[in-house]
Each structure stands twice: as C-alpha cells, then as structure tokens.
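Trainee: Below: sequence and its predicted model.
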Amino acid sequence: MSLTFQGIHLDILNDHTSEVCVLGARDSGKTTVCVYKEIKFLLDYPKLKTFLFRFSEKDTQSKLVPFFREMCTDEFNVTPKWDAKEYCFNFDNGSIAYMFGLQASSASQRYSKMRGLGVARVFSEQAEELDTDIGLEL
C-alpha cells in the first residue's frame, strides 16, 4: 500500500491548527489520514508523545492498534516496539504513541488513565462515543 492523499484528505494532512474535527461517511478514509498524520508527526519530531484511542479498551486493542502497526510497516517502513506494560509503541527516535481505551470501571477512575500522561497530541477515533466531560478533560 502506498498512499497518495488528494482533496480533503490532503487538506487534513496539511492542517496544523490546534484542534481538527474530521467528519465523514463510513469508509471515507478518516482514520487512514489521521493515523498517517500521527505517525508522520512521531517520526518527524523525535521524543514526541501522542495518545491515540477509542473509548473502549477492546476496540482500541482490536481495531486501532493493529491498524497503526500495519500503517507503520506498510507506509513508513518502521516497526516500533510495543510495550504491553505501558500500552504504547516506542519508536527508535524516542517518540512514543500511547494506545489504550478510556472507559473506566468505576467513577473514581474516570480520569485517572489520562491524567499525568504528558502528551503533546491526542487522536480520538469515534469521538462521538465519549461523554462530554471526557472530552473536556482531554
């Protein structure tokens, strides 16, 4: 797979505003362009830390993590190391991509997974699944 972005996808890739909301139809390439963009940032900016997630841990690990790994290999020819204890990919340049779900088992742990994470970037796939307070906390 060798991606070439055009039109709105190229606009998303080149958008460097502080917040970007990408909406579109199912299978329109939203996740593809956004994950590509995150990996590009991780490679272009050594020691960058980013957080990519879906609300549930199961969806993050079964859908987003494999897609991220495949994109790293197929499009960027890199194989970051998965750290199962920290739930992150470590890149050779010191960049880190944390990937875990935010759904908490109790109200007291609602924000504990994200507090203190210390990342420069956040990508939420299926952000409509998030409660408003989670979005505000991010």
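Mentor: That came in fine, so what should we check first? Numbering: from 1, shown residues only.

Trainee: how about R121, phi and psi?
Mentor: phi -140, psi 150 (degrees, to the nearest 10).

Trainee: For F67, which non-adjacent residue is closest in space?
Mentor: Excluding the flanking residues, the one nearest F67 by CB to CB, 6 or more residues apart in numbering is V35, at 6.3 Å. For the C-beta atoms, the positions are set from N, CA and C on the backbone; glycine is no exception.

Trainee: Tell me how far the one you found lies from Q109.
Mentor: 27 Å (CB to CB, to the nearest Å).

Trainee: doesn't F123 make contact with the residue nearest to F67?
Mentor: Yes - the pair V35 / F123 is scored as a contact, 7.3 Å apart, by CB atoms under 8 Å.

Trainee: so what sits against both of these two?
Mentor: L52 (CB atoms under 8 Å, 6 or more residues apart in numbering).

Trainee: where's K58 relative to L64, distance?
Mentor: 11 Å.

Trainee: Tell me how many other residues surround the closest residue to E57 other than its chain neighbours.
Mentor: Spatially, and ignoring its direct neighbours in sequence, E57 is nearest to G101 (3.4 Å; CB to CB, 6+ apart). Residue neighbour count, defined by other CB atoms under 10 Å, stands at 18 for G101.

Trainee: for G101, what are its contacts?
Mentor: In this structure, G101 makes contact with F53, R54, F55, S56, E57, K58, D59, T60, Q61, judged by CB under 8 Å, 6+ apart.

Trainee: quick one: contacts for the nearest residue to the first one once chain neighbours are set aside?
Mentor: If I follow you right, that is F53. Leaving aside its chain neighbours, F53 sits nearest to T60 (5.3 Å; criterion: CB to CB, 6+ apart). Counting by CB under 8 Å, 6+ apart, T60 touches F53, R54, M99, F100, G101.
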